[in-house]
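Undergrad: build the 3D model from these lines:
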Amino acid sequence: MSFLIVGASVAGTRTAIALRQRGFAGHIVLLESEEHWPYDKPPLSKDLLAEGPDPDVPRLLTPELAAEFALDVRLGVRATALDPARRVVVTHTGDEFSYEQLVIATGAHARSLPIPAVPGVHTLRTLDDATALREALASRPRVAVVGAGFIGAEFASAARGRGLDVTLIEALEIPMSQVLGDEVGREISSIHALGGAQLVAGARVERFRGSEHVEGVVLADGSEVPADLVVVGVGAAPNTQWLAGSRLPIDGGVHCGDLFEVEGFPSIFAIGDLALHRHPLLGVRARIEHWTSAGEQADAVAAIVTGAEPPAAQLPYVWSDQYGSRIQIVGRPSLGELAHREGSIAEGRFRAVYTDADHKPIAQVSVNDARAVAAFRKNHRRGGSLEDLVGGQIPAR
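TA: A predicted model of the protein is given here:
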């Protein structure tokens, strides 16, 4: 049996390796649009931007590892079309790759603003993006970051670590409130002031000023944030453009069944940032754009293909390193109600717990508290109560 994997980031690469580890002996081909050997992306907005010697970029796959697992890796090959009837993927060179089983793992790309960009305005999604930003930071520019989500916040933190002037511009009145709620969003976003960055919330970008190079960000109220370097971090969109005309169900992502098979196409799986499926623990259909989820989905597909029992689903988990602190989120806070909070960003440790309609803990946000993460996961697995989790402390609600 032949296996074709389109996209060799963490989801695609781990699928290939997991297939071999589970005994799959057929031909495995990985197509990757970038020229680089697959690399880990979390360091791009963290270690790679820090001042000092150029850091090594952790590789997900090397030529030696590809040879060890007998993987046929094609770099710099961009998929442009899929014909499920013929079971072929067409690339930008016109070449066709046939398959018996297909994994779509092309991930997502950084969203841009609906206004013209100018030189000096960047996004941060790839190794080339991070390399360009590292070089730009060396000239000690005035920095503006559009979007105070995790990518924007991590870049702001890295720039402040170099002692640069940084202003974050956020459209929401309270950053991250759509994910964390107003109260916790306000608390988490206070980290920027403590880190020495300025936050301008409830602001919409009208245009970038400058022709040969950006000189400032003009806001809708007429005010301007001076900047020599701008990073736009306003989320990501799934890379599904190449699937137009394939008849696959695509609406906000590739629609999948519980076992990641594309609806109506049993020989095709979709995993990673573009997979839209019903999460068994959340009870909702969602794209889970987390590094940990991509690896878990890859192992699940490898198990399914080789006839093994898929590993148990895990709650989504994401972390973010900002200004020397680590923020960790387990579950989906937006699906619950804030029931308990303790500590503060200013104190250096914080925790917020969210519960469902039955008052069971379903999500948690913590800062600088790894033990709280472990305790939450243990409590969730055994179906424990809020009181079990917080040790009898008085809930916030």
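Undergrad: show me where the stretch 1-150 of the chain has its strands.
TA: Ranges of strands within the stretch 1-150 of the chain are 2-6, 27-32, 71-75, 79-83, 88-91, 96-98, 101-104, 108-110, 121-122, 143-146, based on DSSP state E, counting those that start in this stretch.
Undergrad: thought residue 331 was touching residue 363?
TA: Yes: counting by Cβ atoms under 8 Å, residue 363 is a contact partner of residue 331 at 3.2 Å. For the C-beta atoms, the positions are set from N, CA and C on the backbone; glycine is no exception.
Undergrad: who's more crowded, these two?
TA: residue 363 (27 against 23; other Cβ atoms under 10 Å).
Undergrad: ok, the more buried one touching residue 332?
TA: Yes: Residue 363 lies in contact with residue 332 (Cβ under 8 Å); the separation is 5.7 Å.
Undergrad: a helix runs through residue 299, doesn't it?
TA: Yes: when DSSP: H, G, I helix; E, B strand; the rest coil is applied, residue 299 is found to be in a helix.
Undergrad: contacting residues for the closest residue to it other than its chain neighbours?
TA: Excluding its sequence neighbours, the residue lying closest to residue 299 (Cβ to Cβ, 6 or more residues apart in numbering) is residue 18, at 4.9 Å. Each residue near residue 18 by Cβ atoms under 8 Å, 6 or more residues apart in numbering is listed here: 298, 299, 301, 302, 303.
Undergrad: quick one, grab the pLDDT at residue 18.
TA: If you check residue 18, the pLDDT there is 97.
Undergrad: how near is it to residue 310?
TA: 11 Å (Cβ to Cβ, to the nearest Å).
Undergrad: quick check: neighbours shared by these two?
TA: Common neighbours of residue 18 and residue 310 (Cβ under 8 Å, 6+ apart) are 299, 303.
Undergrad: do I have it right that residue 213 meets residue 120?
TA: Yes: assessed by Cβ under 8 Å, residue 213 is found in contact with residue 120 at 4.7 Å.
Undergrad: so the two - more neighbours on which side?
TA: Neighbour count, other Cβ under 10 Å: between residue 213 and residue 120, residue 120 has more, with 18 against 13.
Undergrad: neighbours around residue 341, how many?
TA: With other Cβ under 10 Å as criterion, residue 341 counts 20.
Undergrad: contacts only, for it.
TA: Applying Cβ under 8 Å, 6+ apart, the residues near residue 341 are 183, 184, 187, 350, 351, 352, 353, 396.
Undergrad: where's the first one, which helix or strand?
TA: Spelled out, that is residue 183. Using DSSP states H and E, residue 183 sits within helix 182-189.
Undergrad: for that helix, buried residues please.
TA: Using 16 or more other Cβ atoms under 10 Å as the test for burial, helix 182-189 gives 184, 185, 186, 187, 188, 189.
Undergrad: dump those to CSV, plus distance to residue 68 and pLDDT.
TA: Shown next, in CSV, are these (distance: Cβ to Cβ, whole Å; pLDDT from 0 to 100):
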residue, distance to residue 68, pLDDT
184, 45, 98
185, 45, 98
186, 49, 98
187, 47, 98
188, 42, 98
189, 45, 98
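Undergrad: distance to residue 36 added to the residues you listed, as CSV?
TA: Output for the buried residues of helix 182-189, formatted as CSV (distance: Cβ to Cβ, whole Å):
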residue, distance to residue 36
184, 37
185, 35
186, 39
187, 38
188, 33
189, 34
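Undergrad: pretty sure residue 221 sits in a helix.
TA: No: with three-state DSSP as the criterion, residue 221 is coil rather than part of a helix.
Undergrad: my read: it touches residue 202, true?
TA: No: at 9.6 Å, residue 221 does not count as touching residue 202 under the criterion of Cβ under 8 Å.
Undergrad: so who does residue 57 touch?
TA: For residue 57, the contact set (Cβ under 8 Å, 6+ apart) comprises 39, 40, 43, 48, 127.
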